[in-house]
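K.L.:
build me a model:
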Amino acid sequence: MESGTGQLFESEASFNGAVEVVHVIWSADDDGGFAVVEVRDDSGEEFVATGTIGHLKPGERAKLTGQWSEHQKYGPQVQVFTALPMDPSDRAGQVAYLSSLRHIGPVRAEALCEMYGPEVLEKIAADPEGIIGSLPGLGAKQRESALESWYETRAVRDLHVELAPHGLAHLAAKIHARFGDRAMRTIREDPYSLTEIDGVGFARADTIAIAAGFPPESDRRAQAAAWFLLGEAERQGHTHLPLNALVAQATKLLGYRPEAEVLTSASGVITEGERVYRQSTLDRECWLAGDLKERATAESVLGHSPEQSGDEKLTAEQWQAVVGAFSSRLSVVTGGPGVGKTVCTREIVREAKTAGVRVALCAPTGRAARRLSEATGAEAMTIHRMLEWRPGSEPTYKPGHPLPVGLLVVDEASMINLHMADVLLNGLGHDTHIVFVGDADQLPPVGAGKPFADLIESGIAPVTRLTHIFRQAARSMITTAAHEVNEGRPPHLSPGPDQVQDFHFLERVTPERVRGAVVEMVGDRVQAGLGLDPIRDAQVLAPIYRGEAGIDVLNRELQQRLNPDGDKALSDRFRIGDRLIQTRNAYEYGLMNGTICFLVEDDPDEEMVVLETDDGQSVELPYSETGDLKLAYAISVHKSQGCEIPVVIFVCSRSHSGMLSRPLIYTAITRAREMCVMVGDRPALENGVRRDEAGRRYSSLAARLAGTLE
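P.N.:
Prediction:
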């Protein structure tokens, strides 16, 4: 059987034919491009196709090759090997395609179809300048822009053809955006450059390169591996790799042991002793160390000595934090939940206003900034907004034009990575006093480095560690559970005298039972027992994405349980009313990585959705910008940093044991404001609490600050 489903299904038969995409049933949340789509062949029969076909959109035609298989649950389907987009064959599709070109529009598209008939696209491809240039009413600049638009669309299609055999067709648009007219040449002459594209990775680029004749033991291959491994290390939080670790990882990746000198000779790679960095990261770490040391050793310029009043009853250690904010240009306040970090911040702000010092407050995320504003009564901004910084362009406040502020309080400072710390300090004058506030025991930041922990470890600036748990906070089992975990002890599961039982552990052993308990908890008990909205007031946290109790499966089941009747939106990706998360920064729309939002409207005619963020803002987002939205009924613990949620349900299963650690469990518990429920098995929790590994990163910042770097 070569095409169509009208013939008798034969297991293991091949498929080779043209189809139209009816709708996308499911698409992976990562950049792997795997999708399940319903398609219609030329005979009009519909069937399911699966594979790396995430680039195919409803209404598009494609030439598929693949193999028929029998799915136990969904029946016959085609496992796709290649999927090449085809030009639309019908008049409506051709008009839509041509209308997408700059300066063409529906009227001119209709005119072209009328003039050149059903083969209009083939005729334009044969003579684009002649046919597009012949359109009446197009000025010279418009004609040039329309032609450029045509060549761009055809270039992406050519890339599809080139990349399809390697399973990378879904990345054609990204590759073209990165390399432009050089894209095809890059693929053929230096395919290892493709590792610069998110979602490609070394293995895929290596497959293309080997197929193109690159020797397996070439220096270029080894150097590409070194660059890739250092990039992966940074994504895992390291600023560098020890040379022996880089060689060991490269050996595993390449299949032979490369010479260390070859690895370190890669462009943009540099060694410092036995440490191997990307040059830009080393430069950033060295600059940051120098800047922090200079600030830490400089004398106070505020000229204010706080005197404790009777308005706010501060402990001695809290008052030490307030005094330190004015006596040192650089100071740190750290401690767990319920120890009064917010009271310190509020008093620092009050003292600054009393002294006539211009004070500013900021945090890494919008949620953290909003919480800071609510707690202090003073305006707080994200670091990006405060500096007027949109990555990809320079901040407004930078060297030579510092932020005009005398004292800055930076909350949730444990979330700040090396890059963000670099930009922040570059935007501040050296007369500005900086107070970093955060919980040093939470998970380290996403991205390379751990500046907050390194600053504390170095000892170059005064650090106030708040340890006293106030009576009101101690009544919460959430608070005591968090402190017990942080001390390396499994939390008590029964309330103490006068405690509120706001912390629970549901013992479930198998992943299926864990999943069922989580869905039941959110679907039934959040509203019935607590009177809260299960979509807006509850958040499931889990350590991993895959598996029977992973984030991906939980999201699908929670969507079905909590929002079964929501109208389908964005070609069935979501439903109206869904809880979503933005996974990359979209500054022009005010959506930051980690923003929780709710889908309230989908307008296919305008190709736009309307979102409501969790702080009540309304955002109109074009379809083209929705690729970074994911379901958020369940999210990772890392994605939850900086927020406080009424109800947290945390998956603590033995199937996740490889990812469970003390900082991760501690961070999950401290996200809950009113109720925390852990679902899993006790041995997995106890083993996770014993593993204090998540903060171990290769970073030399602390040693640079302390002057002990070898």
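
K.L.:
alpha carbons only for contacts and neighbour counts from here, please
P.N.:
Will do.

K.L.:
for Glu261, phi and psi?
P.N.:
Note on Glu261: its backbone torsions stand at phi -60, psi -30 [degrees, to the nearest 10].

K.L.:
what is the burial count for it?
P.N.:
With neighbours defined by other CA atoms under 10 Å, the count for Glu261 comes to 10.

K.L.:
what distance do you get for it to Gln279?
P.N.:
Between Glu261 and Gln279 the computed distance is 16 Å (CA to CA, to the nearest Å).

K.L.:
remind me which residues of this structure are low pLDDT?
P.N.:
Across the chain, the ranges flagged by pLDDT under 70 are 1-12, 28-33, 59, 72-74, 198-199, 309-312, 391-392, 693-695.

K.L.:
biggest strand in it by residues?
P.N.:
strand 14-27 (DSSP state E).

K.L.:
next, count neighbours for Val610.
P.N.:
Counted by other CA under 10 Å, the residues lying close to Val610 total 18.

K.L.:
tell me the helix or strand right after the longest strand of the chain.
P.N.:
Later in the chain than strand 14-27, the nearest helix or strand by DSSP states H and E is strand 35-41.

K.L.:
buried residues in that following strand?
P.N.:
When burial is assessed from 16 or more other CA atoms under 10 Å, strand 35-41 yields the following buried residues: 35-41.

K.L.:
strand partners (parallel or antiparallel) of that strand?
P.N.:
Here strand 35-41 is paired, per DSSP bridges, with strand 14-27 (antiparallel), strand 46-51 (antiparallel).

K.L.:
nearest spatial neighbour of Trp26, skipping sequence neighbours?
P.N.:
The shortest distance from Trp26 to any residue other than its chain neighbours is 5.1 Å, reached at Val36 (CA to CA, 6 or more residues apart in numbering).

K.L.:
again, but for Gln77
P.N.:
Nearest in space to Gln77, with sequence neighbours left out and distances taken as CA to CA, 6+ apart, is Val48 at 4.9 Å.

K.L.:
same deal with Leu372?
P.N.:
Nearest non-adjacent residue to Leu372 (CA to CA, 6+ apart): Ala380, at 6.3 Å.

K.L.:
with Leu466 instead?
P.N.:
In space, not counting the residues next to it along the chain, Leu466 is nearest to Gly335; the distance is 4.9 Å by CA to CA, 6+ apart.

K.L.:
I'd say the one you found and Arg465 touch.
P.N.:
Yes: look at Gly335 against Arg465 with CA atoms under 8 Å: they come within range, at 5.6 Å.

K.L.:
just the strands in the stretch 101-250 of the chain please.
P.N.:
Defined through DSSP state E, counting those that start in this stretch, the strands belonging to the stretch 101-250 of the chain, from first to last, are 241-242.

K.L.:
revised request: answer the last question for the stretch 401-550 of the chain.
P.N.:
In the stretch 401-550 of the chain, the segments counted as strands under DSSP E, counting those that start in this stretch are 407-410, 433-438, 463-466, 503-507, 538-542.

K.L.:
Asn16 is nearest to which of these?
P.N.:
Closest approach to Asn16 among those (CA to CA): strand 538-542, 40.9 Å.

K.L.:
output the contacting helices and strands for that closest one.
P.N.:
strand 634-636, strand 645-652 (3 or more CA pairs under 8 Å, 6 or more residues apart in numbering; DSSP states H and E).

K.L.:
do you know which of those lies nearest Val161?
P.N.:
Among the helices and strands packed on strand 538-542, the nearest to Val161 by CA to CA is strand 634-636 (35.6 Å).

K.L.:
can you list the strands that that closest one pairs with?
P.N.:
Neighbouring strands of strand 634-636 in its sheet, by DSSP bridges, are strand 538-542 (parallel).

K.L.:
the strand it pairs with: how far from the chain's middle?
P.N.:
Taking the mean of its C-alpha atoms, strand 538-542 sits 16 Å from the chain's own mean (CA atoms, centre = their mean, to the nearest Å).

K.L.:
pull the residues that contact it.
P.N.:
Counting contacts by CA atoms under 8 Å, 6 or more residues apart in numbering, the residues outside strand 538-542 that touch it are 518, 522, 526, 550-551, 633-637, 640, 645-652, 668.
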